[in-house]
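J.: Coordinates for the following, if possible.
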Amino acid sequence: MDYKVNEEYAEALVEFGFERKDENSYTVHFKQISTGESIYLAKSKKRKNKTAIIHPGYKYAIGMLDLNDQLHLAEQDEYFYHDSSLSEFPKRFRKKEIKYPSHYGIGISIEKLSAVEAFCEFISATLCKSELQIDLDEINDNSKKLSATDIQALVLARRGHGPWKESLREHCGCCFLTGCTIEKLLIGSHIKPWSQSTDVERLDSFNGLLLRADVDALFDAGLVTFMDGGEIKVSSGISEKEYKMLPFDLDLRIKILNSKHLPYLEFHRKYVFR
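T.: From the prediction side, this is the model:
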């Protein structure tokens, strides 16, 4: 039996300013027209699933939502809902024994159709924290376990600055790929994503590449990756027309790679590249 979405709820979301986007096996993606925020409706076999899934950046603001018998947190893992179809949301490892990270969001059960309006008003009026802020909050939450020096180093590394970025310059004083030396265009980019790295990996200079901003954006989105020999590999998700518009020579390769970069690049190819 196929999984179905609750169409009454889907229609209500459209009525309250959401655009219905793509549909996957277990969720339907909606984007709020006024804010651009994404939410998902979960699907079920009996069409009775009334769970909306919102970005984890709303976690800090859940107390502002008028939770009651009609609108409450779904019973999930730490009220987080994990599914690979939540592609607009960040990833995390659900449990230590699970090998692969999964996209995740906060599950909100909307028990009555009349509660959809209050839910939509919450999304409209509440600022969703960025992935950067979520990660910085995590550092703050773990501050009792870390020294002040470690906290500062982690914060700077997450922002792509500080000693961690300087250590990338020691490997290569320019963009690892293009050779660009314009400081304002250079970004310290983690190879293995921050959310999936240990604190040690987050501060490891071999888990990073100094990249020009446009290359960094493509690399971070998993649209390009690098082979162990430094060659570029471009995602099949980029059309032929877009492929020709990439702002660098596709014959370029990263020349300054250490063997310690390779495990991180392997992770990027396997879990980030798409």
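
J.: low pLDDT regions in this protein?
T.: Judged by pLDDT under 70, the chain has its weakly predicted residues at 1, 46-49, 60, 63-69, 75-79, 94-100, 126-162.

J.: Kindly state the domain boundaries assigned to it.
T.: As given by automatic domain parsing, the domain ranges for the chain are 7-128, 133-272.

J.: Direction included, what does the host helix or strand of residue 210 pair up with?
T.: Element membership for residue 210 (DSSP states H and E) is strand 208-212. Sheet pairing of strand 208-212 (DSSP bridges) gives strand 186-190 (antiparallel).

J.: how distant is the strand it pairs with from the center of its chain?
T.: Centre-to-centre, strand 186-190 and its host chain are 16 Å apart (C-alpha atoms, centre = their mean, to the nearest Å).

J.: Let me see the residues that make contact with it.
T.: 157, 160-161, 164-165, 168, 174-175, 180, 197, 202, 207-213, 216, 219-220 (C-beta atoms under 8 Å, 6 or more residues apart in numbering). Placement of C-beta: from N, CA and C, glycine included.

J.: Using neighbour counts, pick out the buried residues of that strand.
T.: Buried positions in strand 186-190, judged by neighbour count with 16 or more other C-beta atoms under 10 Å: 186, 187, 188, 189, 190.

J.: Next secondary structure element downstream of that strand?
T.: Heading C-terminal from strand 186-190, the first helix or strand you meet, by DSSP H and E, is helix 199-202.

J.: Check which helices and strands that following helix is in contact with.
T.: Contact partners of helix 199-202 among helices and strands, from 3 or more C-beta pairs under 8 Å, 6 or more residues apart in numbering; DSSP states H and E: helix 148-158.

J.: now the next helix or strand after the helix it packs on against strand 186-190, angle please.
T.: With elements assigned by DSSP H and E, the helix or strand that comes after helix 148-158 is helix 162-171. Put simply, helix 162-171 runs at 100 degrees to strand 186-190, going by axes from the mean of the first three to the mean of the last three C-alpha atoms, to 10 degrees.

J.: Return the distance of helix 162-171 from the chain's centre.
T.: 24 Å.

J.: mind listing what's buried in that helix?
T.: Across helix 162-171, burial judged by 16+ other C-beta under 10 Å covers 162, 164, 165, 167, 168, 171.
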